[in-house]
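Visitor: Take this sequence and fold it.
(chains A, B, C and D)
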Amino acid sequence: MGSVLELQDVSMSFGGLKAVDTLSFTVEENEIVSIIGPNGSGKTTTFNLISGLYEPHSGDILLKGESIAGLRADVVHDKGISRTFQSLRLFTNMSVMENVLVGMHSVTSGGVVASMLRLPNVRREERAMREKAQEILDMFPGRFSGPRQSQPAYSLSYANRRRLEIARALASDPALLLLDEPVAGMNPAESHEVMEQIKLLREKGYTILMIEHDMHVVEGVSDRVIAMDHGVKIAEGTYDEVANDPQVVEAYLGKRAADATA
Amino acid sequence: MASEQQTPLLEFRDVQTFYGRIQILKGVNYTVYPGEIVCLLGGNASGKSTTMKTILGIVKPTKGQVLWEGEVINNLRTAERIKRGIATVPENRRLFPHLTVVENLEMGAYTRNDASGIAEDLERVYEYFPKLAERRKQRAGTLSGGEQQMVAFGRALMSRPKLICMDEPSMGLSPALVDQNFELIQQVNEQGVAVFVVEQNANAALSIADRGYVLQGGRLFTEGTAAELLENPELKRAYLGG
Amino acid sequence: MSLDHIVSVTIGGLTVGMIYALIALGYTMVYGVLKFINFAHGEVFTVGGYVAAFTLLAVGVDADSSPLMLAGALVAALAVAVLVPMVLGFVIERIAYRPLRGRSRIIPLLSAIGVSIALQQLIILIFGSKPVTIPTLELSSASVGLFGVRIRVLALVIIAVSALLMVGLTYLVKSTRIGKAMRATSQDMEAAEMMGIDTNRTIAFTFLVGSALAGIGGLLVVMYYGSLKYDAGFLYGLKAFTAAVLGGIGNIPGAVVGAIVLGMTETYGVSVDLGFLAWFVLAGLVLGLYVQMVHVPRQRVGHISPDRRTPEYEQSIVNVYRLTPYHGVRVLMAERTDALLSVSAAHAMRLMMGNVFLAAVAAYMFVNASARIDTRWQPVIAFAVLMVILMFRPSGILGEAITEKV
Amino acid sequence: MTAKTMTRDGRSGLHDALSRLPGWVWWALAIVIAGVFPLLNVAGLVETAWLRVGVISLIFVMLSLGLNIVMGETGLLNLGYIAFFAFGAYTTALLSSPKFGLQWPFLAVLALSALVAMVAGFLISVPTLRLRGDYLAIVTLAFGEIVRLTITNLVPLTNGPNGITGIYPPALSSSADRGAGGLAAWLVIDKPVEYYYLVLVCVIVLAVLLTNLKNSRIGRAWNALREDELAAVSAGITASRAKMLAVVLSAGIAGFAGSLFAYYSNVISPESFLFMQSVIVVCMVVLGGMGSIPGVVIGAIVLQALPQIIRQAAGAARSDFEVYRMLIYGILIVVMVIFRPEGLIPDKIFRYESHEVDPRELERTRQSLFDLEEGEKDLEV
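Guide: Numbers count the residues shown, from 1 in each chain, chains lettered A, B, ... in the order given. Here you go, the predicted structure:
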């Protein structure tokens, strides 16, 4: 018993094109692992496989030793994996608070009849949920304070929407957090703040697997970096090891970049 | 190649664009002279794609002017712009996957009516990319990535452009394809066609460009010749992984 | 089933099928380009039929009219049956659909329903709520002998005209400039704009063509049946939509094939004994059992990752499919932790429900072999086909299987 | 606070002041008006015909509240909703009419009617809920029509187009006791005023229960599915279960309303369950505001009562009137979805489908659509 997540020779193809090809890696407890690679290298497909949106054609995915390959996405979430999306997928017509509360759906239990009648246990649970949500929102100081919580998600700025997505993913106390390009589209200052946030999450004991293009963020937070190209893992190691791997330089950082800096 | 006395092919004068209430371009100025390769660098969401759409007329500027050969074309329809010599190779190629290679190429000449001219240009594209001639009846979606890239270039050439706008030629492509793409750009440029390259991969773009602009958060961060930009210390830190 | 019965039923099925096809093409083209169900299309068809009928009535044709006058009246009727729906289709798109482009699926659909309801009431207000009836014409009642059966000439005309129009449409979409623009717009609207295609105009053109075909369909129905009711478009529209989905929506030849299949199913369904139909159901059951017992288990077993692949595990997957409900239920209750097993068990339950249903239907049909389905149930057949196809194969018989998880 | 600060955004002070009133004030006001209205009839100030309009309107309020669960909260368009209403109505008619000589107790029939509709809802939802929105709408339409045609054709059970007549009024006691008069006779509901209060109480209870549900984890799960199914599923919501719950619950409400309708109108026939009726309920939800409980209540009352008032005032013939009414409804749907998709009284923060999309999102959406939504059909020849 050790790894939080383990992929064993996972493969997935779309109409003959191998999006992920016999991919294996592990994520250990309280570790931050980043996946890098050019667009179309299979990073997001990997996330979709782990989070249950796709079913692998072969191979297995283990969460704390238990197979989760092929489970429905909601079941995977129940088992302890929550995620954010590269393209923001918030519930835009719901309030900030409600977005976080939805993230707790699987760890709460109020039934239909009890909810209709607002029985005491439902009220108690609702109160506990809101306190918990408040705690999570407070982890983003100044971003979701006071009246902002009852505003609809569509009224948030782009960067705050990305933050809210992270907050929603945290709501269920996941064993593993998947972040798909958490700083995409942010300016350097915003990226820096999110980077600090991610470090804070590690201190709180979260385990994170992250896709990111911004090499500063990757360098800043990752314990380990995995580089992918054409669905295959081409390198794995510390940031420096991976960034200096000739294959990675060629596939991702660019040959010309290599020539230019050489 | 480019002389300052010439009329610029394309010029942006203090262009601002909005999506709803969100401002994307906050007053930018570009000029592209005939026969040049100009690159526009910038990270995610810096306004590169919006620039592209503004050139093509898919997005209309709220303020400022877009000029083509010295004439304001702010409200000109896309089809009109293509007739006047603007063509595009979009990000991710955006071929019509169920149309055949020939049909895709013909779509590039959609705004033209001269059947003989189109046939001529088709031959010219086939000469340029002999592989496409072999595959002319094949659906574009079934081609390899490299062949698709050729179709995208061929499609742009079919309108006999003076300027080709190239959106993210390295996005999501293997290094070999990126190299092929940049070679194609140079090849096309040697025929006298100006190229405006929008790119995140600064190194690759600057290695072929004459001049470059750097966009950040909807504003121009800096500009200069390729050599100057390659030496710019801030740029090195931000985009060149230096 | 005697041969002459088969011939006449087949021709009848083909005729209604071709009419469905004319309407279905409009659904399929609009869906292909805009990914949107134009619910008001059935009403456009009705309007076509109505204006054609009123043109014939206005000219005053009857059984004694001279051939010249008849020809003139028909040309005039054809002209209005094409032009009025075209204008209508164009206006509807402009007013009710274009402002909603890019909204989520159900919003433009709601708008289309609104248009459909409003149009139906307008037809009543303008033409009255009684069915419009045209006088019996020599042309529509004439018949010829074919394989020893009397066949209405008009049925053959409908089949021929429709076939011709479809060939024309295929040429239009496949080979002309505007057709290519339609396909390009359908595949990637933004890229089409980058090529200088006026997508608004292309979409409007799609509506024009679809509406014209529906209008011709309206004319043919009026000629064939002699009358048309203000709400006919609802049923015809839904049947045509069924045909479009049946053939794979967005697919032009598919719409024609789907329409013919639907027309045949409907016509055969109420014209032959249940004992005859039962064989088809039985064939479906055999296929269903093959899928459940052999095909799917084999597929599933292939999904087991190599390191977990033990003969026992493989067997338990196969058992879930073959011995449901016992194994399926047990697995569902007890072993939900195993992903593949629990997913398979739920899947097996669904398959089994389908097969049991088919078996029951076949058994009922064999028991009542000499009975026939009453024609009152004919509309139910079309609706049932629609439900079944949407539930089990929304990509249609000619489409590729859509594999959606989630 | 001075009037000046209230009018800072150019609205009238009154409007602003009204919009600051807490929600319960409006509810109380509505309940008082609805409660007092029949007393006017008792006092002889209002004709009984208006009371009948009131009862039917309230039944439609129930229907709209039920449809709102699937359409407004969960985002599933149901075009065959009236079928569940029919299930309830026919269950009641069969169990409480001379047709089979049955007269089951009122409350049992009411419960059973809702149950039958719920079972129907469950059976239809199992295979259909995996479908995409527009296809689901068409499937439910087909389902509604199949139900109606079956009712029409299944003459031995339903009397076909003639319908079932002579449905007994709801009685809390058995018929034997009633003959004896006294208290037992009191427990029969057969006057319009009694029906009115019965339905009103049901509507109020229903509105309260549904408001509670809306603000619970279940309501939020529905909303999440409406907003973005993929994200909802990834946030741990079991889509099939949540959607099924919505469909079954809304079917139950329709069945319940159908039972009351059958009891009230005494006679039912397939005519009451046409596709048009489904559209009318859809129209009520769209007009009032999808997902907004007060909006839906208002929408149903406006669309059901207002035409009747106009009709009585104008003295128009029924058939003509129906044509104009449906014409206006049709146009209304189009106008609403184009100009005010959030409805007359929008849900608290609801701005249906009209976001200003940040282009930074737009740039990425295509990629993500490409990733996950397969099977979109292009035009093919």
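
Visitor: Which positions in chain B make contact with chain C?
Guide: Within chain B, the positions near chain C by CB under 8 Å from any CB of the partner chain are B:56, B:58, B:77-79, B:81-83, B:88, B:90, B:94-99, B:103, B:106-108, B:110-111, B:155, B:159. In this view, the C-beta of every residue, glycine as well, is placed from N, C-alpha and C.

Visitor: Okay, and which of the residues you listed map to helices?
Guide: The members of the residues of chain B next to chain C that map onto helices under DSSP state H are B:56, B:78-79, B:81-83, B:103, B:106-108, B:155.

Visitor: Now for the residues you listed: which two are most distant?
Guide: Distance extremes for those: the farthest pair is B:81 and B:103 at 22.2 Å, using CB to CB.

Visitor: Which residues in the biggest helix by length in chain B does the neighbour count mark as buried?
Guide: Secondary structure of chain B per DSSP H: the longest helix is helix B:175-190. By neighbour count with 16 or more other CB atoms under 10 Å in any protein chain shown, helix B:175-190 contains the buried residues B:175, B:177-182, B:184-185, B:188-189.

Visitor: Looking at the residues you listed, which one is closest to residue C:99?
Guide: Closest to residue C:99, out of all of those and judged by CB to CB, is residue B:181, at 39.5 Å.

Visitor: shouldn't the closest one be in contact with residue B:167?
Guide: No. With contact defined as CB atoms under 8 Å, residue B:181 does not count as touching residue B:167 (11.4 Å).

Visitor: element containing the nearest residue to residue A:94 once chain neighbours are set aside?
Guide: Spatial nearest neighbour of residue A:94, excluding adjacent residues (CB to CB, 6 or more residues apart in numbering or on different chains): residue D:223 at 5.5 Å. Residue D:223 belongs to helix D:217-227 when assigned by DSSP states H and E.

Visitor: Using CSV, list the CA coordinates for that helix.
Guide: The C-alpha atoms that make up helix D:217-227 are tabulated as CSV, following Å, rounded to 0.1, in the frame of the first residue of the first chain:
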residue,chain,number,x,y,z
ARG,D,217,-28.8,19.1,-2.3
ILE,D,218,-31.2,17.4,-4.6
GLY,D,219,-32.4,20.6,-6.1
ARG,D,220,-28.8,21.7,-6.6
ALA,D,221,-28.0,18.5,-8.2
TRP,D,222,-30.7,19.0,-10.7
ASN,D,223,-29.6,22.6,-11.4
ALA,D,224,-26.0,21.3,-11.8
LEU,D,225,-27.2,18.8,-14.4
ARG,D,226,-29.0,21.5,-16.3
GLU,D,227,-26.0,23.8,-16.3
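
Visitor: May I see the buried residues of helix B:175-190 arranged in TSV, with pLDDT as well?
Guide: Conversion of those to TSV gives the following (pLDDT from 0 to 100):
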residue	pLDDT
B:175	65
B:177	74
B:178	76
B:179	78
B:180	79
B:181	83
B:182	86
B:184	85
B:185	88
B:188	87
B:189	91
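
Visitor: which residues does residue A:227 bridge with?
Guide: Residue A:227 forms beta bridges with residue A:36, residue A:235, as assigned by DSSP bridges.

Visitor: Return the backbone torsion pair for the closest residue to residue A:8 other than its chain neighbours.
Guide: Nearest residue to residue A:8 in three dimensions, chain neighbours excluded: residue A:60, at 4.6 Å (CB to CB, 6+ apart). For residue A:60, the backbone dihedrals are phi -140, psi 150 (criterion: degrees, to the nearest 10).

Visitor: How many neighbouring residues does residue A:60 have?
Guide: 22 (other CB atoms under 10 Å in any protein chain shown).

Visitor: quick one: it from residue D:28, how far?
Guide: Residue A:60 sits 60 Å away from residue D:28, going by CB to CB, to the nearest Å.

Visitor: Please apply the same query to residue C:361.
Guide: Counting by CB to CB, the separation of residue C:361 from residue D:28 is 56 Å.

Visitor: neighbour count winner among these two?
Guide: Comparing residue C:361 with residue D:28 by other CB under 10 Å, the one with more neighbours is residue C:361, at 17 against 11.

Visitor: Can you give me the buried ones in the host helix or strand of the more buried one?
Guide: Element membership of residue C:361 [criterion: DSSP H and E] is helix C:339-367. Within helix C:339-367, the residues that count as buried by 16+ other CB under 10 Å are C:339-345, C:347-349, C:351-352, C:354-355, C:358, C:361-362, C:365.

Visitor: Excluding residues flanking it in the chain, which one is nearest residue A:31?
Guide: Excluding the flanking residues, the one nearest residue A:31 by CB to CB, 6+ apart is residue A:223, at 4.9 Å.

Visitor: mind checking how far whatever residue of the stretch 151-262 of chain A ends up closest to chain C is from chain B?
Guide: Nearest residue of the stretch 151-262 of chain A to chain C, counting by CB to the nearest CB: residue A:154, 14.2 Å away. Counting by CB to the nearest CB, to the nearest Å, the gap from residue A:154 to chain B is 11 Å.

Visitor: where does the nearest residue to that residue once chain neighbours are set aside fall, phi/psi-wise?
Guide: Leaving aside its chain neighbours, residue A:154 sits nearest to residue A:92 (4.2 Å; criterion: CB to CB, 6+ apart). With angles defined as degrees, to the nearest 10, residue A:92 sits at phi -70, psi -30.

Visitor: Name all residues that make contact with residue 133.
Guide: Using chain A. Taking CB atoms under 8 Å, 6 or more residues apart in numbering or on different chains, we find residue A:133 in contact with A:97, A:100-101, A:104, A:171.

Visitor: please go with chain C instead
Guide: With contact set as CB under 8 Å, 6+ apart, residue C:133 has these partners: C:53, C:226-227.

Visitor: tell me the phi and psi of the nearest residue to residue A:72 once chain neighbours are set aside?
Guide: Sequence neighbours aside, residue A:52 is the residue nearest to residue A:72 in space, at 5.7 Å (criterion: CB to CB, 6+ apart). Backbone torsions of residue A:52, given as degrees, to the nearest 10, read phi 90, psi 10.
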